[in-house]
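**Q** Sequence plus predicted model, see below.
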Amino acid sequence: MVAAFFAVIGLLLLLVDRAPRAGREKWQAGLFLLPAAVLLGIGLVGPIIKTVISSLTSAEVDRQGCVPIATNPGRCVLDPGGSWNNFAHFTWIFTNGDARSAFWNTIAWTLIAPIVATLIGLGYAYAIDKARGEGFAKALVFLPTAISFVGAAVIWSLMYQQPSQSGPSGLVNVVLNWFGLGPLNFPTTGGIKLTLLMIVVMIWIQAGFATVVLSAAIKAVPADISEAAKIDGASNGQAFRRVVVPNIRPTIVVVLVTISVATLKVFDLVQAFGADRYNGNTLANAMYKQYRDSGLSSGSGAPLGEHRSSALAMVIFLLVIPFVVYQVRQMVKARASN
Amino acid sequence: MAEVQYVGAYCQYPGNPTPSINDLNLEIKDGEFMVLVGPSGSGKSTALRMLAGLEPVSDGEILINGTDVSQMAPKDRDIAMVFQSYALYPHMSVGENMGFALKLAGVSKAERQAKVAEAARLLNLEDYLERKPKALSGGQRQRVAMGRAIVRSPAVFLMDEPLSNLDAKLRVETRSNIASLQARLGTTTLYVTHDQVEAMTMGHRVAVLKEGGWLQQADTPRNLYDRPANAFVAGFIGSPAMNLRTVPLVEGGARLGNIVLPLSPEVMAAAQRENLSEVILGVRPESFMASKEANLTKDNAATGLKIEVVLVEELGAYAFVYGRLPDDAPDAKHYVARFDGRVPPRIGDTVTVDVHTGEEHAFHPETEERLG
Amino acid sequence: MTTVMTPTGGAPAAPDPDAVVTRPKAASRVRKGLNNPFASVLAIVIGVLWTIPTMGLLVQSFRGKEGQDTKGWWTFSDLTFGNYDRVLSGNGSILKNVINSVVIVIPAALIPIAIASMAAYALVWIDFKGRDWLYVGIFALQVVPLQVAVVPLLRFVVQGMHIGNVTIIPPTGLAGTVGAIWLAHSCFALPLAIFLMHNFMSEIPRDLLEAARIDGASHGQIFRMIMLPLLRPALAAFGIFQFLWVWNDLFVGLVMSGGDPNISPITVSINNLQNSTSGAGGELLPAAAFVSIIIPLIVFISLQRFFVRGLLAGSVKG
């Protein structure tokens, strides 16, 4: 299959040079873009359109025991679905307890994880800047970036492990115990506390990214600027806060935005912790649950769960849009200044 | 062997209100070394790249040996080009760089190697054929870029400021190398530079372009200097630039500061025909000579042009004196005169100078065309 | 991690991408940092906090069921290789899923690289109308949540495309094969890959391309003989990126494989182990997780230079 794929690519490259003379550049551009266009079309653009439509239209309604239809014997369609339903799925999201808590959980994730991870990254990048063993120190924090969310979930389940008859306390509970604080009851505690504990893991993963990027930005600030500040009487810390940080602000914003977008889509971590059983769902997880429980449809309208999952996906999409707009504007600006 | 003609050629980018090159008519004879020179924004590189096929010819034609090539792909034009940045392929060795065009053209390996070896010998690159461009000095890279062009034995060489990335000393050396190489190969060459010294020393003929892509004059270096076709060329060629200022015509000549500068009968006749009351008068700094005795006595009654010295640039062999003429407004452009380096005046002095007869230039005040 | 790349544009020059990291000025700067006591404490605390969890897993993976069930890993009690023995061989071995992951990851990295570099070439070097808008549009797709796209893509794979009763594209036949997972990863990686390749490619001087055109090269030849060799570092950077992303992905693997253990990647089996309520074989989880972590970790550590380069290409103005 892979060989076939590369054969196709090779063929395209050959075709490119045999494009008709008239409007040749256009033909060639088209051929170069063709594979990407096909994949983007079936993989992203088409699905987006489909999701938008599905989130706004009614589900099919079927019932057991009436005159069977060919594709799904035993059931028959009462209403094929697919008609405009006045945001019913969205109304459902904000009235259904589970969906609503998934929404607020996602907001909590997005408000906390990016800011804390960026602050830690910034502080750490500053603390180790030009210190001996800087590379090693950076690698320590950067390593979790290479670890899957699933792996991270295993690691942190161990850290959070609840003392029980069958096993010992995790390290976090042991330390808490020293201070007379109770065990965390992870993940059964549920709700916002569970979400906060998972956000810690997200921060653990993302801080390395923030560190590496911000560290590069700090190094790109010309040394003479902060030297000038020091001659003007600033301490190291002051020079950093008042001179370096304002200079790398664009990069800080980029890091914030990047982690925010990643956080909005968080799925794997919650899934792997099994937090869906304890009200720890985010929008992405709620969406998956709706989809999984519904199965594929027989008619054009698809089962209710799939429509609802589309609506949940749309909510994620809408939340991401401000960041998209910001990123696109940045990019257009960067290209204009080139 | 080829001759090149631009016939009413325009280059206009879609979405741009004005063309970058306007109505360019220029003929480059077989074997000629033609230099395109002009300030930045004059479109000199654009003109060259139109010939290369890298910029569109939106109107008019470009002919190579009588064939219109303006809509052909670069590779079908039988040209080779040396870029300002040299544009060597960083992942190929010197030999591969030089042989790349031949390889694409399907030339056999043996023939390719022979041609590359020959060009390498010509350019003293034989010892470097296996190296990557990264491992070469600036001068060597420049030679590889030349070699890449030579290997193809094209009809026309195009060179786009090929020396501007070299340091001053190497540039002078390479300048003469390129000129003699061109003479030896006899290949028609179009060479773009912003450096008028390069233009004057290398070109058989020099074409001067003005901002906005207008050709001003194409002539031998001597003629450009001695008989500039208009005020722009007069001001562009020569360093420091020719003194140009609009002055009133009076009986017997033009009034400049405290003197009346006699103009040639042809100029006077032309001015009369045009019914002019003033002209743009141009005098090169070296066309002045100090009126010695007046200078020594600082005698205000002397007959020469008085200049109040504001700045003196001493260059050893001679000194350039920048100053104000009597009655000049404080912000008037300084007048420049060349003095003998051994007896330069000092700032604040008033010096008196005479103009070599026949070395003045006069231009129409509106059209700026040469008079006479 | 899909969106680690961000829009500020300017990638460091492809041939010398380390320029950003090591500005000449930096070397001349005075050493400080750890001389500042607050900074040192902060650095050490964060460094330790970030290392302990992984350490814990590593130690735990070498402990027997008995030890795991009674004492914390920091006691280093009951050390054994038994878990790894069972994880890598015999019944309940995850080796099959590791192989699945490898089978998934390599094409899922190569396909988007090939497609994206072609698209980026057209977007950077071929002039056509609407080129810039097309690029901005593709870039914007980068932030589409996978969740929006995965289910419809799966439907497409399973059912083909129909409008009404008319079949536009018949079912692909990829349903239930790794092909479906490759397809999904390739599609989702494209916006980022095109963005990255576009950044790197625009750093290549235009002169080089023009020289090649004058030397007689066509677009296809320029792409093959000039661009691809010059872009090797960029290809590597994206390749590692995509490798890590695909290897670590759970969502796409879970949905597209339909949970079929014959094609599902290692993450899915770890997830199943983790969430299995029966508790049997739970002592194998740390070892299995560590096996799944160690491969990307090795790739990551040995090729970190390229990875950081890719990261910075998207985030820091060059």
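**A** That came through fine. Residues are numbered from 1 along each chain as shown, chains lettered A, B, ... in the order given.
**Q** Against which helices or strands is the helix or strand hosting C:V103 packed?
**A** Per DSSP states H and E, C:V103 falls inside helix C:95-125. With contacts taken as 3 or more C-beta pairs under 8 Å, 6 or more residues apart in numbering or on different chains; DSSP states H and E, helix C:95-125 sits against helix A:2-16, helix A:24-40, helix C:131-141, helix C:178-202, helix C:232-248, helix C:266-275, helix C:285-302. No exception for glycine: its C-beta is placed from N, CA and C like everyone else's.
**Q** Can you give the contact residues for the very next helix or strand once past the third one?
**A** Which is helix C:131-141. Once helix C:131-141 ends, the next helix or strand along the chain (criterion: DSSP H and E) is helix C:146-159. Counting by C-beta atoms under 8 Å, 6 or more residues apart in numbering or on different chains, helix C:146-159 makes contact with A:42-44, A:46-48, A:50-51, A:54, A:265, A:267, A:283-284, A:287-288, A:291, A:296, A:306, A:309-310, A:312-314, A:316-317, C:2, C:169, C:171-172, C:174-175, C:180, C:183-184, C:187-188, C:251-252, C:255-256, all of which sit outside it.
**Q** ok but B:V309 is inside a helix, no?
**A** No - using DSSP: H, G, I helix; E, B strand; the rest coil, the assignment for B:V309 is strand, not a helix.
**Q** what about it, how many residues close to it?
**A** 20 (other C-beta atoms under 10 Å in any protein chain shown).
**Q** So what pairs up with it in the strands?
**A** B:G323 (DSSP bridges).
**Q** quick revisit: quick one: average pLDDT of the helix holding C:V103?
**A** Model confidence over helix C:95-125, given as mean pLDDT, is 92.
**Q** again, but for stretch B:251-268
**A** For stretch B:251-268, the mean confidence score works out to 88.
**Q** mind listing the strands in the stretch 1-150 of chain B by residue range?
**A** B:4-11, B:21-28, B:33-37, B:59-64, B:67-68, B:79-82 (DSSP state E, counting those that start in this stretch).
**Q** Which one of these lies nearest to chain A?
**A** Smallest distance to chain A across these (C-beta to the nearest C-beta): 16.0 Å, for strand B:67-68.
**Q** still on that earlier bit, what's the closest of the strands of the stretch 1-150 of chain B to chain C?
**A** That would be strand B:79-82 among the strands of the stretch 1-150 of chain B, by C-beta to the nearest C-beta, at 4.9 Å.
**Q** re earlier: so which of the strands of the stretch 1-150 of chain B comes closest to C:G282?
**A** With C-beta to C-beta, the closest approach to C:G282 among these belongs to strand B:79-82: 70.3 Å.
**Q** That closest one packs against which elements?
**A** helix B:44-52, helix B:138-151, strand B:156-160, helix C:206-214.
**Q** What average pLDDT does the shortest one get?
**A** Which is strand B:156-160. 95.
**Q** Quick check: mean pLDDT of stretch B:48-59?
**A** 92.
**Q** Go ahead and confirm B:A362 touches B:L371.
**A** Yes - contact criterion C-beta atoms under 8 Å: B:A362 and B:L371 qualify, at 4.5 Å.
**Q** which one of the two has more residues nearby?
**A** B:A362 (26 against 22).
**Q** what residues are up against that one?
**A** B:A254, B:L263, B:V267, B:A271, B:V279, B:I280, B:L281, B:G282, B:R370, B:L371, B:G372.
**Q** And the residue of the stretch 201-338 of chain A closest to chain C?
**A** For the stretch 201-338 of chain A, C-beta to the nearest C-beta, closest residue to chain C: A:A334, 3.0 Å.
**Q** Which element, helix or strand, includes that residue?
**A** Going by DSSP H and E, A:A334 is in helix A:304-336.
**Q** Please identify the buried residues of that helix?
**A** Within helix A:304-336, the residues scored as buried using 16 or more other C-beta atoms under 10 Å in any protein chain shown are A:304-317, A:319-320, A:323-324, A:326-328, A:330-332, A:334-335.
**Q** check contacts around B:D327.
**A** B:G257.
**Q** B:Q217 touches B:N230, doesn't it?
**A** Yes - contact criterion C-beta under 8 Å: B:Q217 and B:N230 qualify, at 7.3 Å.
**Q** what's the neighbour count on C:G282?
**A** Neighbour number of C:G282 under other C-beta under 10 Å is 16.
**Q** if I look at whichever residue of the stretch 51-200 of chain C sits closest to chain B, how far off is A:A29?
**A** Closest contact between the stretch 51-200 of chain C and chain B, by C-beta to the nearest C-beta, is at C:K129 (9.0 Å). Distance, C:K129 to A:A29, using C-beta to C-beta, to the nearest Å: 10 Å.
**Q** least trustworthy helix or strand in chain B by mean pLDDT?
**A** Within chain B, no helix or strand scores below helix B:292-297, which has a mean of 50 by mean pLDDT, DSSP states H and E.
**Q** Near chain C, which residues of chain B are found?
**A** Taking C-beta under 8 Å from any C-beta of the partner chain as the contact definition, chain B meets chain C at B:52-54, B:73-75, B:79-81, B:83-91, B:100-101, B:104-105, B:148.
**Q** Any regions of the chain where pLDDT drops low?
**A** I'll assume chain A. Scanning chain A for pLDDT under 70 picks out A:21-22, A:62-80, A:165-167, A:295-302, A:337-338.
**Q** Switch to chain B, please.
**A** B:292-302.
**Q** Name the residue of it that lies nearest to chain A.
**A** Counting by C-beta to the nearest C-beta, chain B gets nearest chain A through B:A73, at 8.6 Å.
**Q** In chain B, where's the longest helix?
**A** Counting residues, the longest helix found in chain B (DSSP state H) is helix B:168-185.
**Q** relative orientation of that helix and strand B:33-37 in degrees?
**A** 140 degrees (axes from the mean of the first three to the mean of the last three C-alpha atoms, to 10 degrees).
**Q** show me where pLDDT drops low in chain C?
**A** Using pLDDT under 70, the flagged stretches of chain C are C:1-35, C:90-92, C:143, C:162-165, C:277-281, C:313-318.
**Q** which parts of it sit against chain B?
**A** Residues of chain C lying near chain B (C-beta under 8 Å from any C-beta): C:15, C:205, C:207-208, C:210-217, C:221, C:226, C:229-230.
**Q** Among the residues you listed, list the two that are farthest apart in space.
**A** C:P15 and C:G216 (23.7 Å).
**Q** what residues are up against residue 242?
**A** Going with chain A. By C-beta under 8 Å, 6+ apart, the contact set of A:R242 is A:A229, A:A234.
**Q** hmm, I had chain B in mind actually
**A** B:A234, B:G235, B:G282, B:V283, B:R284, B:P285, B:H361.
**Q** just those residues now: which is nearest C:A288?
**A** Using C-beta to C-beta, B:G235 comes nearest to C:A288 of the contacts of B:M242, at 81.2 Å.
**Q** Count the neighbours of the closest one for me.
**A** Neighbours of B:G235 (other C-beta under 10 Å): 17.
**Q** now B:A317
**A** 9.
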